[in-house]
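A.B. asks: I'll drop the sequence and a predicted model, then ask my questions.
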Amino acid sequence: MARASATAPSSARPGRHEFLSPEGLRADGRRQAEIRRFICKLETTDGRADGAAFVAQGNTHVAAAVHGPQDPSGSTRKMAHDRAIIVCELAMAPFAMGEWNPRGPSDRMLTEIAAMVEAVFEPLVLTHLYPGSQIVIQLRVAQVDGGLRCACVNAATLALIDAGVAMRDYACACTVGHVQGTLLLDVSAVEDGAGAELSVAYLPKVQRIALTHLSAAIPADELGEMLDLAIGGCKQVYDALDGHVREHMRLVAAGYGGSNAGF
């Protein structure tokens, strides 16, 4: 779990329309290259799913459940005989964004994020090991405060690991905001709303970018710096995810009376 940054003194906090104080601190006390408080949990007690997880990046909360590999009969998706099909279903609580706003399954934002999650995991999951099957990733968003796409990717990664689905690597995601000419890592909703946001999904072991999403135009000469900062944030997320998975496996091994060696 990544520790929360210390709260900045009131005199050092940025003003109402400033996002970085003269001391280099943001409104929540973080510096430019710090991610928000990161909480993750493998929820193997959910008997209705093959794998389940929860991720909180700051005040953005996402629960994920994985069903499968399973028979795709009855699905509207086309079956592939030589591999598994990845399907993402995303739902959001009506109050998730601070006001009552119900969103149906055809909502454009939800459809776009679900497609992004599918695009990240289709090449990452070893789908050839599960021919003719379907792997369904269900994401439920309880609260949104920036970085929703990335929180969905991170929650899906944990749930797939909990389900025992074979993958080539972790998919770790983080955002970078371009706000008033300043680059800020892991932006909140307030920071995101004041400028452009770059979301990056990164594969830390093979050191490859799996997917990027840019919300608005930015100067071309700053894109490289934004990518480097985002990858640094993804590595912080990876440390949190991998640390939790390893600790979970230690507890599981201890519960079965096994050895903790190798974790």
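C.D. replies: In hand now; what should we look at? Numbers count the residues shown, from 1 in each chain.
A.B. asks: state the next helix or strand along the chain beyond the helix-or-strand element of the chain with minimal mean pLDDT.
C.D. replies: Counting by mean pLDDT, DSSP states H and E, the chain has its least confident helix or strand at helix 189-192, which shows a mean of 84. Going down the chain from helix 189-192, the next helix or strand is strand 196-203, by DSSP states H and E.
A.B. asks: need the next SSE after that following strand, C-terminal direction.
C.D. replies: Going down the chain from strand 196-203, the next helix or strand is strand 208-214, by DSSP H and E.
A.B. asks: thinking again about what came up before, go through the least confident helix or strand of the chain and flag the buried ones.
C.D. replies: 189, 191-192 (16 or more other Cβ atoms under 10 Å). (Each C-beta comes from the backbone N, C-alpha and C, glycine too.)
A.B. asks: ranges for the helices of the protein?
C.D. replies: 108-121, 148-163, 189-192, 223-255 (DSSP state H).
A.B. asks: so, low pLDDT: which residues of the stretch 151-263 of the chain?
C.D. replies: 257-263 (pLDDT under 70).
A.B. asks: check which helices and strands the least confident helix or strand of the chain sits against.
C.D. replies: strand 172-179 (3 or more Cβ pairs under 8 Å, 6 or more residues apart in numbering; DSSP states H and E).
A.B. asks: mind listing what the strand it packs on pairs with, with the direction of each?
C.D. replies: strand 182-185 (antiparallel), strand 196-203 (antiparallel) (DSSP bridges).
A.B. asks: can you give me the buried ones in the shortest one?
C.D. replies: Counting neighbours by 16+ other Cβ under 10 Å, one finds that the buried residues in strand 182-185 are 183-185.
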